[in-house]
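In: Would you be able to build a 3D model of this:
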Amino acid sequence: AVVGTNYGLVQTSEATGIIKNNSSGKTAYTGGVVGRNLYLNSKAKIDRCGFEGTIETNGTQQVAGGVVGLNQAGVVSETYYRGLVRNGESVFGGIVGYNKGAQSNTADIYDSYFFLKEEEPAKTIYTKMACITYQNDNSTNNNMVTGCYFGGILEENKINKNATGDNYTSQANGYLEELE
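Out: Numbers count the residues shown, from 1 in each chain. Prediction:
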């Protein structure tokens with residue numbers, strides 16, 4: 001990741017490689033660009049950033065996202081993740097793992113995409129994976145997820161559509177595109 005915790009602006013940053021997180025015991029947030037994007041006096045923002053590579057989480061109580069693990073009352077815009085996912089028992093969102101508002105501030109995701117690459121598609125099953133965000137918590141306000149999409153080859157039964165939040169498509173103007 002480029003930044004562990006962001007309280008300000010991460011802009012026009014790209015990273016490549018392999019990110020591994022094996023922690024267990026307390027909640028850990030892993031992202032390709034930022035681990036945690038947090039509100040502190042103003043919205044933290046990740047803009048025009050991306051990660052290409054592998055994200056591997058093997059411990060328990062982990063939340064991972066292709067771009068950011070936790071987006072709490074922040075903005076994620078014009079971002080991407082292209083790569084492999086090895087999420088074990090952790091939860092994974094293609095762009096954001098956990099998207100959560102705070103008080104009167106929304107957590108928003110705009111114009112971003114996730115392209116899944118699979119080494120062995122027939123052997124890979126994602127029990128806790130979602131294409132855009134694994135959990136979109138709207139309990140305190142209405143988070144906006146718009147203009148986002150997923151690409152790649154992924155059988156529908158490999159996605160946990162029963163997870164809390166917005167799992168298979170984004171809330172507005174989003175779509176899935178399965179490429180052969």
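
In: Run a quick neighbour tally on Met144.
Out: A count of nearby residues for Met144, using other C-beta atoms under 10 Å, gives 18. C-beta coordinates here come from the backbone N, C-alpha and C atoms, glycine included.

In: and it, how far is that from Tyr81?
Out: Distance check for Met144 against Tyr81: by C-beta to C-beta, to the nearest Å, it reads 19 Å.

In: One more: Asn41?
Out: In this structure, Asn41 and Tyr81 are 28 Å apart, going by C-beta to C-beta.

In: quick one, which of those two is more surrounded?
Out: Taking Asn41 and Tyr81 together and counting by other C-beta under 10 Å, Tyr81 has the greater number of neighbours (27 against 7).

In: so that one is in which element?
Out: For Tyr81, the element it lies in under DSSP states H and E is strand 80-86.

In: Just checking, which helix or strand succeeds that strand along the chain?
Out: The C-terminal neighbour of strand 80-86 among helices and strands, as given by DSSP H and E, is strand 91-93.

In: so Cys49 sits right up against Gln11, yeah?
Out: Yes: here Cys49 lies in contact with Gln11, judged by C-beta atoms under 8 Å, at a distance of 7.0 Å.

In: quick one: which of the two has more around it?
Out: A side-by-side neighbour count of Cys49 and Gln11, using other C-beta under 10 Å, places Cys49 first with 27 against 12.
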